[in-house]
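# Kindly return the folded structure for what I paste below:
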Amino acid sequence: MDLKRIGGAKGAATLALVLVLTASLGTFLVQARTPHNQKLPGTNASVLVESGLPAQGRQVMDLIRQGGPFRYEKDGTVFGNRESLLPSQRRGFYREYTVPTPGLDHRGAKRIVCGGLQPRVPDACYYTEDHYNSFQLIVQ
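Here you go, the predicted model:
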């Protein structure tokens, strides 16, 4: 083989790699900027940027990452997904947390439900302000 052929093959391989990486990055950027309230395929959840949570919801997200302490006894317990609005997972995958509502003397309807094997590092978290009738995927 002569050097021009080897250089050409390496150049083509490099170009192919650059094209694959560029396409992957483009896909990632589009997914990272999914508009608020757009429905996600395969779920009944829309998207909510974490900074769009109420202040109490952002505090609960911080507590989830710290492992507590949580205000309510039920916080951190298994969420059964009986409504089947979240992606199907085995029992025990999802855990629920109360988002306090100012002015109420009970838990109210707002919750964050997170799924994953490590509660402090969830794979995905969802916000509901209507007691599990609808969900929004929380993205950073």
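# contacts, neighbours, all on C-alpha from now
Fine.
# Using PDB, list the CA coordinates for the strand or helix carrying Val47.
Using DSSP states H and E, Val47 sits in strand 45-49. Written as PDB, here are the backbone C-alpha positions of strand 45-49 (Å, rounded to 0.1, in the frame of the first residue of the first chain):
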ATOM      1  CA  ALA A  45     -45.400  13.300  31.300                       C
ATOM      2  CA  SER A  46     -44.400  16.600  30.000                       C
ATOM      3  CA  VAL A  47     -41.100  18.400  30.800                       C
ATOM      4  CA  LEU A  48     -40.300  20.900  33.600                       C
ATOM      5  CA  VAL A  49     -37.000  22.500  34.200                       C
END
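# Quick one: the helices in the chain, in order.
With DSSP state H as the criterion, the chain has helices at 3-32, 55-66.
# Can you flag the weakest of the ones you listed by average pLDDT?
The weakest mean pLDDT among those belongs to helix 3-32, with a mean of 46.
# State the distance from Thr46 to Gly115.
I think there's a mix-up here, since residue 46 is Ser and not Thr. Shown here: Ser46 relative to Gly115, a distance of 16 Å by CA to CA, to the nearest Å.
# Kindly report the same for Arg91.
Taking CA to CA, one finds Arg91 at 10 Å from Gly115.
# Looking at those two, which one has more neighbours?
Gly115 (22 against 11; other CA atoms under 10 Å).
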